[in-house]
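1. sequence plus predicted model, see below.
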Amino acid sequence: MASFDTVVLDIDGTLLDSNYHHALAWSRAFDRVLDRHVPVSAIHRHIGMGGDRLVAAVAGDDVEDRHGDEVRERWEKEYDEVIDRTRLFESARDLLIAIGEAGAKVVLASSSIPKHAQRPLELLRAGEHSDAWTTSEDAEESKPDPELLEAALEKVAGGRAVMIGDSVWDVAAADAQGIPTIGLLCGGYGRQELLHAGAVAVYDDPADLLAHLDAAFATAATGTPGTPG
């Protein structure tokens, strides 16, 4: 950990088992607004991307232009109905504690709207186990733009940082900020997808990363891609 003073962690799909809840909420939103079905598999491959970008990415620019705001409003309502079913992954809170005890600042980089960020922040006991967190209100541009990570680092005056995330969009945002990423598979993205995107190491979930924390950060410090876990 001596190589890093800050660890930035994504929440959805990384610490909170919520990616499939989001995908289903988006699917229901599209079904209610459009006269055609958008495959859930296509939606899932874009979870982690900002909602302001997702509609066009999975359904096309024309749908975004005509129905983007309506789809997002419907998604918000659909996710409101399932958010209480989301749970932390095993050892998610313990991972934050271990990172803090190792001497690094812990920043939770959520791009969720504030009311959706409230549940995981409470489950993680963010006030006790992190130094700062973000929501969608902290950045005008969403992932894969790095602005949210810039905001996260500014909150703690972070210098040398490492990112922990579950999606290729996390990796892209961190790479644009010059930050190495440790990927987790628990959000549903594949090992090779994350490595191809630029992750330097990939583990199964927070529990797996916690069990190999020293090796993971040693790999991140060298910047040499690997496939542990």
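-> That came through fine.
2. need the pLDDT of the residue sitting nearest the centre point of the chain.
-> Nearest to the mean C-alpha position of the chain, by Cα atoms, centre = their mean, lies Asp10 at 3.6 Å. We have a pLDDT of 97 for Asp10.
3. quick check on it: phi, psi?
-> Dihedral angles of Asp10 (phi, psi; degrees, to the nearest 10) stand at phi -70, psi 160.
4. mind checking how far it is from Lys115?
-> Counting by Cβ to Cβ, to the nearest Å, the gap between Asp10 and Lys115 amounts to 18 Å. No exception for glycine: its C-beta is placed from N, CA and C like everyone else's.
5. Gln188 touches Gly13, doesn't it?
-> Just to correct that, residue 188 is Gly rather than Gln. Yes: if you go by Cβ atoms under 8 Å, Gly188 and Gly13 touch, sitting 7.0 Å apart.
6. what's the following helix or strand after the helix ranked longest in the chain?
-> Counting residues, the longest helix in the chain under DSSP state H turns out to be helix 61-82. Per DSSP states H and E, the first helix or strand lying C-terminal to helix 61-82 is strand 87-88.
7. tell me the helix or strand right after that following strand.
-> Per DSSP H and E, the first helix or strand lying C-terminal to strand 87-88 is helix 92-101.
8. surely the residue nearest to the centre of the chain touches Met163?
-> Yes: between Asp10 and Met163 there is a contact under Cβ under 8 Å: 7.5 Å.
9. name the residues contacting each of these two.
-> Common contacts of Asp10 and Met163, defined by Cβ atoms under 8 Å, 6 or more residues apart in numbering, comprise Ala109, Asp170.
10. compute the first-to-last residue distance for stretch 193-208.
-> 19 Å (Cα to Cα, to the nearest Å).
11. which other residues reach that stretch?
-> Under Cβ under 8 Å, 6+ apart, the answer for stretch 193-208 is 14-15, 89-92, 94-95, 168, 171-172, 175, 180-186, 191, 209, 212, 215-216, 219-220, 222-229.
12. off-centre distance for that stretch?
-> Offset of stretch 193-208 from its chain centre (Cα atoms, centre = their mean, to the nearest Å): 13 Å.
13. over to stretch 218-225?
-> With Cα atoms, centre = their mean, you get 20 Å for stretch 218-225.
14. and it, what's buried?
-> Thr219, Ala220, Ala221 (16 or more other Cβ atoms under 10 Å).
15. now do stretch 71-86
-> Buried, per 16+ other Cβ under 10 Å, within stretch 71-86: Val71, Arg72, Arg74, Trp75, Glu78, Tyr79, Ile83, Thr86.
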